[in-house]
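> A predicted structure for the sequence below; I have some questions about it.
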Amino acid sequence: MVRYKEPVRPEEIEHIVVYRREDEYAGWPFNGGFWHFGDGELLVGFNRNKCPYKTLDDVRHSQIQLGGGQLVVMRSKDGGYTWPLEELKVVVRSKAELRSKILHYPPERSPLPKPKPADFSNPDVAMAVETPLGRERGPTAYFITRDRGRTWEGPHLLYSSVFETLQARPSYVLRPDGVLLWFLQGTRWDEFRRGDKIREPEGRPLIFASTDGAVTWNFLAYITPPLSEPPKICPHPAILPDGRIVVALRNLWPDFRFHWTEVYVSEDGGLTWRFLSRVNEWGAPASLLVLRDGRLLCTYGYRVPPYGVRAKISDDGGETWGREIILRDDGGSPDLGYPRTALLPDGRVIAVYYFNKANDVVDCNGGVRHIAATIFEVPY
């Protein structure tokens, strides 16, 4: 008999504003990245742009992402409790300017610098990404830091002649044998959908691998079968204690409010994949995190009322999931979420995400879009 259980709330929980400006839209840490370098030093990446919050056009994602949109990172040195503004660093000054450099040159004549090998077993090394948007064509640009995000090398070009577009985020894992696996989505030039010459909306989830420290990348495997319904995007991986690799995928239902998360698993280092579970009723994209006791945490934006951020825990590597954990339910609209998570030294979890609050001083289909964090003790 199936037993349905009510959601739970953590007894120990604290919400923090990471970055908020009344005339800016700040969003999508899932796209920007989140890194814990040890001893409570954290770095979060996100996009920002000017936003007057006067009309619904002002908060359209395409409006925010293009033009003067920027990729920035912010640092906390105390486990996420404070995020000094002087620690903000601009990685991409103008997304439109960067896209013009990528799209207006053939790859073999790209003005972007060639990368140098990086040791991703070094915890000070990380990779940030600037990606095409939605159905936009083209390759992806990426950046490498060797000093915890204080300086960045790049942009470098991720390109394959087989693919019309590659859409990536900083979602990668380092296998024990030193192979770096980058989880992204892409559309091949010869790839059509249902024979009617309509391509997959945002590509098919796949893996590129690097054996030389992110200098060169080669296609390794697809995660899902072709023509999956609904299409799946936004892969986010984790390596389990037993060596299996799991990845969370966003199911691209026509109405984004009702997207849900599924998990796939590989038992051979990422070469082959199979469906493992559906995590939730609604909520995507999702971030996976292995807890200190080896259990798996999945965190996602909850884009149906009451809007907020939720999570679940699996005791068996993602095959089954426990009760839903309500981290926040005070959102003002579905325009929130895109979380990333990290494990703090004391075993607690910090989730970063973009948010808008109900009953904010601004109401433009929700309040001011800002970056927030929640620090909590898992409730079960």
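Now that the structure is in, tell me what you want to look at.
> Give the burial count for the residue lying closest to residue 350 once chain neighbours are set aside, as a bare number.
In space, and not counting its chain neighbours, residue 350 is closest to residue 80: 4.5 Å by Cβ to Cβ, 6 or more residues apart in numbering. Where C-beta positions appear, they are placed from N, C-alpha and C, glycine not excepted. Using other Cβ atoms under 10 Å, the number of residues around residue 80 comes to 25.
> And the strands in the stretch 101-250 of the chain?
Applying DSSP state E, counting those that start in this stretch to the stretch 101-250 of the chain gives strands spanning 126-130, 140-145, 153-158, 163-174, 180-188, 204-210, 218-222, 232-239, 245-251.
> for the last one, what is the average pLDDT?
So that's strand 245-251. Across strand 245-251, pLDDT averages out at 98.
> next one: stretch 160-170
Over the span of stretch 160-170, the pLDDT mean works out to 91.
> swap in stretch 98-115?
Stretch 98-115 comes out at a mean pLDDT of 80.
> cool, stretch 51-67 as well?
For stretch 51-67, the per-residue pLDDT values average out at 90.
> What sits closest to residue 218 if chain neighbours are left out?
residue 209 (5.8 Å).
> any idea how far the one you found is from residue 269?
9 Å (Cβ to Cβ, to the nearest Å).
> try residue 80
32 Å.
> Quick check: phi and psi at residue 29.
The phi and psi values for residue 29, taken as degrees, to the nearest 10, are phi -60, psi -30.
> Neighbours of it, how many?
Based on other Cβ under 10 Å, the number of other residues close to residue 29 is 27.
> Can you list the neighbours in contact with stretch 285-292?
With contacts defined as Cβ atoms under 8 Å, 6 or more residues apart in numbering, stretch 285-292 is touched by 30, 233-234, 236-241, 246-248, 250, 259, 261, 263, 279, 296-301, 313, 337-343, 347, 349, 351, 378.
> In helices only, show me these.
Residues of those located in helices (DSSP state H): residue 30.
> Are any of the contacts of stretch 285-292 buried, and if so which?
Neighbour counting over the contacts of stretch 285-292 (16 or more other Cβ atoms under 10 Å) leaves 30, 233-234, 236-240, 246-248, 250, 259, 261, 263, 279, 296-301, 313, 337-342, 349, 351, 378 as the buried ones.
> Residue 125 against residue 145, yeah?
Yes - the pair formed by residue 125 and residue 145 meets the contact definition of Cβ atoms under 8 Å, at 6.8 Å.
> Between the two, tell me which one has more neighbours.
Neighbour comparison, residue 125 and residue 145: the larger count goes to residue 145, with 22 against 19 (by other Cβ under 10 Å).
> Who does that one form a beta bridge with?
Each beta-bridge partner of residue 145 is listed here: residue 126, as defined by DSSP bridges.
> residues touching it, list them.
Neighbour list for residue 145: 124-128, 151-153 [criterion: Cβ under 8 Å, 6+ apart].
> just those residues now: which is nearest residue 65?
For those, the closest approach to residue 65 (Cβ to Cβ) belongs to residue 128, at 15.6 Å.
> Could you pull up the contacting residues of the closest one?
When contacts are counted by Cβ under 8 Å, 6+ apart, residue 128 is found next to 32-33, 45, 71, 73, 91, 142-143, 145, 149, 152, 170.
> that older thread, can you tell me which of the contacts of residue 145 lies nearest to residue 57?
Proximity of the contacts of residue 145 to residue 57, judged by Cβ to Cβ, is greatest for residue 128, which lies at 28.6 Å.
> Could you measure from the closest one over to residue 298?
As judged by Cβ to Cβ, residue 128 and residue 298 stand 23 Å apart.
> again with residue 16
In this view, residue 16 and residue 298 are 21 Å apart by Cβ to Cβ.
> what do you get for residue 323?
13 Å.
> same question, residue 19
Summarising the geometry, the distance separating residue 19 from residue 298, computed by Cβ to Cβ, is 25 Å.
> Kindly report the same for residue 151.
Counting by Cβ to Cβ, the gap from residue 151 to residue 298 is 33 Å.
> Counting neighbours, what do you get for residue 8?
As a burial measure, residue 8 scores 14 neighbours (other Cβ under 10 Å).
> ok so, going back, what residues do residue 209 and residue 269 have in common as contacts?
Looking at what touches both residue 209 and residue 269 (by Cβ under 8 Å, 6+ apart), the common residues are residue 179.
> Summarise which helices and strands the helix ranked longest in the chain is packed against.
Ranked by residue count, the top helix of the chain under DSSP H comes out as helix 95-103. Packing contacts for helix 95-103, counted by 3 or more Cβ pairs under 8 Å, 6 or more residues apart in numbering; DSSP states H and E, involve strand 153-158.
> For the strand it packs on, buried residues please.
154-158.
> Of the residues you listed, which is the nearest to residue 40?
Using Cβ to Cβ, residue 154 is the member of the buried residues of strand 153-158 that sits closest to residue 40, with 27.0 Å.
> mind checking how far the residue lying closest to that closest one once chain neighbours are set aside is from residue 69?
In space, and not counting its chain neighbours, residue 154 is closest to residue 143: 3.7 Å by Cβ to Cβ, 6+ apart. Using Cβ to Cβ, residue 143 is found at 16 Å from residue 69.
> from the contacts of residue 145, which is closest to residue 274?
Nearest to residue 274 out of these is residue 127 (Cβ to Cβ; 27.5 Å).
> what residues are up against residue 90?
When the contact criterion is Cβ under 8 Å, 6+ apart, the partners of residue 90 are 70-72.
> how about the one helix or strand it maps to: buried residues?
The secondary structure element spanning residue 90 is strand 89-92 (assigned by DSSP states H and E). The neighbour-count check on strand 89-92 (16+ other Cβ under 10 Å) flags 89, 91-92 as buried.
> can you put those in TSV and add pLDDT and distance to residue 357?
Written out in TSV, the entries for the buried residues of strand 89-92 read as follows (pLDDT from 0 to 100; distance: Cβ to Cβ, whole Å):
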residue	pLDDT	distance to residue 357
89	98	26
91	96	27
92	93	27
